[in-house]
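Engineer: okay, sequence plus prediction incoming.
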Amino acid sequence: MSEKTVVAKGVPFNLSGSVAYSIGSVVSKTLLKKDVGNITLFSFDEGQGLTEHTSPYDAVVYILDGKAEIIIGGEPKIVMTGEMMVMPANIPHALNAVERFKMLLIMIRGE
């Protein structure tokens, strides 16, 4: 089993403070990567996004700061600070920064 950890295990840390905004960019920071799934922090500057794509696994998005538009199967939803959404497997989805935002993405592989 492969594993990659960017944060120290057993040590508290601040999620939102662990990834910075970058002008005109999307920044990602992998917190934990294992064969069974990943936990990744992202920051998106206003107007940035991820183009439509699919994943074979459900993914949980938790918005730490700001406001995102998440489009799932062509249906846009606004998700704001403190809100979370499950993006279902095998359905096209995209993310856009309505205003700059930070999110935690949790993907667990399996059925």
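Structural biologist: Yes, it's here.
Engineer: name the nearest residue to residue 65, sequence neighbours excluded.
Structural biologist: Once flanking residues are discounted, residue 65 sits nearest to residue 102: 4.4 Å by CB to CB, 6 or more residues apart in numbering. Just so you know, the C-beta spots here come from the backbone N, C-alpha and C atoms, and that holds for glycine as well.
Engineer: the one you found contacts residue 66, doesn't it?
Structural biologist: Yes. Here residue 102 reaches residue 66: they are 6.4 Å apart, a contact under CB atoms under 8 Å.
Engineer: quick one on the thing from earlier: now the residue nearest to residue 65: which helix or strand?
Structural biologist: If you go by DSSP states H and E, residue 102 is part of strand 101-108.
Engineer: just to revisit the earlier point, more neighbours, residue 102 and residue 66?
Structural biologist: Per other CB atoms under 10 Å, whichever of residue 102 and residue 66 has more neighbours is residue 102, with 24 against 21.
Engineer: residues contacting the more buried one?
Structural biologist: Residues counted as contacts of residue 102 (CB atoms under 8 Å, 6 or more residues apart in numbering) are 15, 16, 19, 21, 41, 42, 43, 44, 63, 64, 65, 66.
Engineer: helix or strand: which one has the fourth one?
Structural biologist: Meaning residue 21. Residue-wise, residue 21 maps onto no helix or strand under DSSP H and E.
Engineer: how about it: what's its closest non-neighbour residue?
Structural biologist: Closest to residue 21 by CB to CB, 6+ apart is residue 43, at 4.9 Å.
Engineer: rewinding a little: most widely separated two among the contacts of residue 102?
Structural biologist: 15 and 44 (15.1 Å; CB to CB).
Engineer: same drill for the two, tell me which one is more crowded.
Structural biologist: Applying other CB under 10 Å to residue 15 and residue 44 shows that residue 44 carries more neighbours, namely 25 against 16.
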